[in-house]
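1. pasting the sequence and the predicted coordinates here, then a few questions.
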Amino acid sequence: MSMRVGTGFDVHRFADNRALILGGVEIPAARGLDGVSDADVVLHTVCDAILGALGKGDIGDLYPPEDTASQGIDSTLILQKVLDFMNESGYEIGNIDITIILEEVRLKKHKETIVAGLVRLMNLRDDQVGFKIKSQEKLMAPEKSCAMCFATVLLERK
Ligand SMILES: [Zn+2]
């Protein structure tokens with residue numbers, strides 16, 4: 001069986017008057033992440049990991065930030081495009097392991113909802129998705145508050 005591995009990283013800063021969308025789920029919060037799209041740092045990281053595993057660049061290549069098509073785009077649509085691309089390339093996800101790092105929002109109580117959303121969006125089993133929440137140990141000043149995300153994905157030839 002042929003396997004390919006990929007890693008993803010993304011970061012977005014918190015800003016006023018933005019919804020917080022993580023893994024396609026809106027999380028109740030005072031502020032959300034800023035960005036050209038809905039700034040879903042989790043899905044962007046997942047997309048980059050999959051594209052990296054395929055050796056096909058990153059989501060900035062698919063959706064250049066300066067493109068009008070990227071403005072306010074729902075990141076689940078970006079993920080769908082990347083998954084279609086993966087399927088056409090003859091691969092499926094073996095497993096994906098995600099770590100999100102943020103301070104501003106207590107995410108623990110939303111973890112199950114986010115994981116369930118990721119499982120559904122990628123059509124996987126529960127044991128194929130790892131999702132870990134870490135803090136920034138208060139190293140970020142509030143005006144520089146951000147969410148960082150890392151992921152590793154293993155793809156297997158179908
Ligand atoms: Zn992003």
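-> Thanks, I have it.
2. for the nearest residue to residue 87 once chain neighbours are set aside, the count of nearby residues, please.
-> Leaving aside its chain neighbours, residue 87 sits nearest to residue 158 (7.8 Å; criterion: C-beta to C-beta, 6 or more residues apart in numbering). Backbone N, C-alpha and C define where each C-beta goes, glycine included. Neighbour count of residue 158, defined by other C-beta atoms under 10 Å: 11.
3. and residue 69, by the same measure?
-> Using other C-beta under 10 Å, residue 69 is surrounded by 9 other residues.
4. ok, now residue 146?
-> Residues near residue 146, counting by other C-beta under 10 Å: 18.
5. for residue 25, same thing?
-> The tally of other residues near residue 25 (other C-beta under 10 Å) stands at 18.
6. ok, now residue 139?
-> Residues near residue 139, counting by other C-beta under 10 Å: 8.
7. ditto for the one 3 residues further on
-> Close neighbours of residue 142, defined as other C-beta under 10 Å, add up to 9.
8. secondary structure class for the nearest residue in space to it that is not next to it in sequence?
-> Closest residue to residue 142 apart from its sequence neighbours, by C-beta to C-beta, 6+ apart: residue 104 at 7.9 Å. Look at residue 104: counting by DSSP: H, G, I helix; E, B strand; the rest coil, its state is coil.
9. name the element residue 76 belongs to?
-> Residue 76 belongs to helix 75-88 when elements are defined using DSSP states H and E.
10. show me where this protein has its helices.
-> Applying DSSP state H to the chain gives helices spanning 41-54, 59-62, 75-88, 111-122.
11. the ion is nearest to which of those?
-> helix 41-54 (3.4 Å; C-beta to the ion).
12. check which helices and strands the closest one is in contact with.
-> When contacts are defined as 3 or more C-beta pairs under 8 Å, 6 or more residues apart in numbering; DSSP states H and E, helix 41-54 packs onto strand 3-15, helix 59-62, helix 75-88, strand 91-102, helix 111-122, strand 146-157.
13. between helix 75-88 and the fifth one, find me the angle.
-> Interaxial angle, helix 111-122 versus helix 75-88 (axes from the mean of the first three to the mean of the last three C-alpha atoms, to 10 degrees): 50 degrees.
14. contacting residues around stretch 61-80?
-> For stretch 61-80, the external contacting residues (C-beta atoms under 8 Å, 6 or more residues apart in numbering) are 21, 24, 36-40, 43-44, 46-47, 51, 59, 81-82, 121-122.
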